[in-house]
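S.K.: Sequence and computational prediction follow.
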Amino acid sequence: MFVFLRRTVITSAALAMFASAPALAVDYGRWFWSTAGDAKPLPSSECVTRAPVALAAQGFTPRVAGTNPAYIDASTGLISVTMFCVAQPKGFYLIMVVMSDDGTKSALSVGNAISAAFWGASMSDANGGSASASGAGGSWQLSSKCAFVGSGWQSTLDLNQSATGALTGSVRNDPLTPAVLGGQFTGTTMTLTLRPADWASNLELTGDLSGSKIAGKVHHLGADDCTFTMVRTAGSSV
């Protein structure tokens, strides 16, 4: 599960919850994920392990406190990040808030980079072993600068891939509430067609798989409107 919210004005309630963040942040974003609905959810220990690594990959020096929830805090320059890992009977909740006074780096871009690093980390299966997933099957976190929804499009895709490479599936936590009309994975290339609710046109995604990421372009009404990145969170090809 994924939800992204962005605002340009900090409310008093937000400041009360995240007192350590800059009081005059001009840009901030909030993210929420849940792995509880995944077929093979990552254990809660993965959240506490991945969050500091994802922050360090973006140049932060994270501080970890608490157990459940675990609190991970980091700041550099005019950017502050706060993350909470909340263990559930199956899986975990992850909450992240990014605040930025840096005019060259938006909260959205910083948060998306941390998200990609978090979900792109080496994954473990339910038994603690390494999961070497391939193909386009599985669960994916999609991030895009497409302006279909406010400042950026975010989505969770659950895809199934047949032995012939045909793709089916569903979409969660997406304000466009699209349906998966179908797709194909051949070699390292994925094509996927989505139909947002109440739209008369489709979104066509074409991208190439590299490691745990698929990156490419979103086609709408015959034009390459914008780019997207999908980071695998669970699953394998067939």
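M.R.: Great, that's in hand.
S.K.: Return the distance of the helix or strand in which E46 is found from the chain's centre.
M.R.: Using DSSP states H and E, E46 maps to helix 44-57. Remark: helix 44-57 is offset 14 Å from the chain centroid, using CA atoms, centre = their mean, to the nearest Å.
S.K.: Same question for stretch 199-209.
M.R.: Relative to the centre of its chain, stretch 199-209 is centred 18 Å away, using CA atoms, centre = their mean.
S.K.: Then stretch 62-79?
M.R.: 19 Å.
S.K.: what comes up buried for it?
M.R.: P62, V64, P69, A70, I72, D73, A74, S75, I79 (16 or more other CB atoms under 10 Å). Yep, even glycine has a C-beta here, placed from its N, CA and C like the rest.
S.K.: ok, the third one touching Q88?
M.R.: If I follow you right, that is P69. No: P69 is beyond contact range of Q88, at 10.9 Å (criterion: CB atoms under 8 Å).
S.K.: and L209, how far is that from V98?
M.R.: Using CB to CB, to the nearest Å, L209 is found at 28 Å from V98.
S.K.: no no, A74
M.R.: In terms of CB to CB, A74 sits 10 Å off from V98.
S.K.: Which residues are in contact with each of the two?
M.R.: S80, V81 (CB atoms under 8 Å, 6 or more residues apart in numbering).
S.K.: circling back: helix or strand right after the helix holding E46?
M.R.: strand 63-65.
S.K.: so what secondary structure elements neighbour that following strand?
M.R.: helix 44-57, strand 70-76 (3 or more CB pairs under 8 Å, 6 or more residues apart in numbering; DSSP states H and E).
S.K.: mind putting those in a markdown table, mean pLDDT included?
M.R.: Shown next, in a markdown table, are these (pLDDT from 0 to 100):
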| stretch | mean pLDDT |
| --- | --- |
| helix 44-57 | 84 |
| strand 70-76 | 88 |
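S.K.: Can you check which of these gets nearest to A147?
M.R.: helix 44-57 (25.9 Å; CB to CB).
S.K.: Show residues contacting that closest one.
M.R.: Contacts for helix 44-57 (CB under 8 Å, 6+ apart): 61-62, 64, 68, 70, 72, 74, 81, 83, 85-88, 91-92, 94, 114-115, 117-118, 121, 124.
S.K.: Restricted to strands, list those.
M.R.: Among the contacts of helix 44-57, the ones falling in strands (DSSP state E) are V64, A70, I72, A74, V81, M83, C85, V86, A87, F92, L94.
S.K.: Could you verify my assumption that the third one touches V64?
M.R.: Yes: taking CB under 8 Å as the contact criterion, I72 and V64 are neighbours in contact, 5.3 Å apart.
S.K.: what is the mean pLDDT for stretch 147-157?
M.R.: The pLDDT scores in stretch 147-157 average 80.
S.K.: what sits against T206?
M.R.: Contacts of T206 (CB under 8 Å, 6+ apart): T189, M190, T191, G216, K217, H219.
S.K.: Can you tell me which of the residues you listed are buried?
M.R.: M190, T191, G216, K217, H219.
S.K.: need the buried residues of stretch 62-79 in a markdown table with distance to A36, can you?
M.R.: Output for the buried residues of stretch 62-79, formatted as a markdown table (distance: CB to CB, whole Å):
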| residue | distance to A36 |
| --- | --- |
| P62 | 24 |
| V64 | 22 |
| P69 | 15 |
| A70 | 17 |
| I72 | 20 |
| D73 | 24 |
| A74 | 26 |
| S75 | 30 |
| I79 | 30 |
